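1. need a 3D model of the following:
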Amino acid sequence: MERPDLLDGLTLERRPGGYARNLLFGGGGISVWAMVWSPGARTSVHDHHCSCCFGVWRGAIREVWFRPISESEAVATADATRPQGYVACMMPTGPNLHQIVNPGAEEAISIHVYGFDHAVHASSVHREYRVVAA
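-> Model (predicted):
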């Protein structure tokens, strides 16, 4: 880990059984969040209305990718474990349907940088999907 002190001195919200979003910076069309993932926490299957980069700061997360089959349904196409230090970026030219899960027994923390103003949009999520069998 390049910056083990990155979050030192910050009090991060945690949600037992889920995940918590902690705004670290917002302005100029950029928002930076620390996501704290409890064991078993997961997002919905979703895509983004903006660019999105994330890095795993502590622990590991699993990222599952999907293909849309309608405006509201998707099927899984791939998944991978993202270890500490992993970084990825997605542009909103998509589709970029994915889900993030903490499959481990320990808390995980990831840092997300989005190309949106948090004062204008409550979230980076464009649309959520229901998973169906292939």
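2. now whichever strand or helix holds Thr77: buried residues?
-> Counting by DSSP states H and E, the element that carries Thr77 is strand 73-82. Residues of strand 73-82 classed as buried under the neighbour-count rule (16 or more other C-beta atoms under 10 Å) are 74, 76, 82. C-beta here means a position set from N, CA and C on the backbone, and glycine is covered the same way.
3. closest one of those residues to Cys52?
-> Nearest to Cys52 out of the buried residues of strand 73-82 is Arg82 (C-beta to C-beta; 13.7 Å).
4. what's near enough to touch the closest one?
-> In this structure, Arg82 makes contact with 56, 60-63, 88, judged by C-beta atoms under 8 Å, 6 or more residues apart in numbering.
5. let's see which of those end up in strands.
-> Within these, residues falling in strands by DSSP state E are 56, 61-63, 88.
6. of those residues, which is the most crowded?
-> When the ones in strands among the contacts of Arg82 are compared by neighbour count (other C-beta atoms under 10 Å), Ile61 ends up highest, at 26 neighbours.
7. quick one: residues contacting that residue.
-> 37, 81-82, 100-103, 108, 110.
8. mind doing that once more with 7 Å?
-> Applying C-beta atoms under 7 Å, 6 or more residues apart in numbering, one finds that Ile61 lies in contact with 37, 82, 100-102, 108, 110.
9. could you find the closest non-adjacent residue to the residue positioned nearest the centre of the chain?
-> Residue closest to the mean C-alpha point of the chain, counted by C-alpha atoms, centre = their mean, is Ile100 at 5.8 Å. Nearest in space to Ile100, with sequence neighbours left out and distances taken as C-beta to C-beta, 6 or more residues apart in numbering, is Thr43 at 4.9 Å.
10. the one you found contacts His98, correct?
-> No - taking contacts as C-beta atoms under 7 Å, Thr43 lies outside contact range of His98: 8.2 Å.
11. coming back round to it: dump the contacts of Arg82 into JSON lines; add pLDDT and distance to Arg127 as well.
-> Formatted as JSON lines, the entries for the contacts of Arg82 read as follows, by pLDDT from 0 to 100; distance: C-beta to C-beta, whole Å:
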{"residue": "Val56", "pLDDT": "96", "distance to Arg127": "25"}
{"residue": "Ala60", "pLDDT": "96", "distance to Arg127": "27"}
{"residue": "Ile61", "pLDDT": "96", "distance to Arg127": "21"}
{"residue": "Arg62", "pLDDT": "96", "distance to Arg127": "21"}
{"residue": "Glu63", "pLDDT": "94", "distance to Arg127": "18"}
{"residue": "Ala88", "pLDDT": "89", "distance to Arg127": "20"}
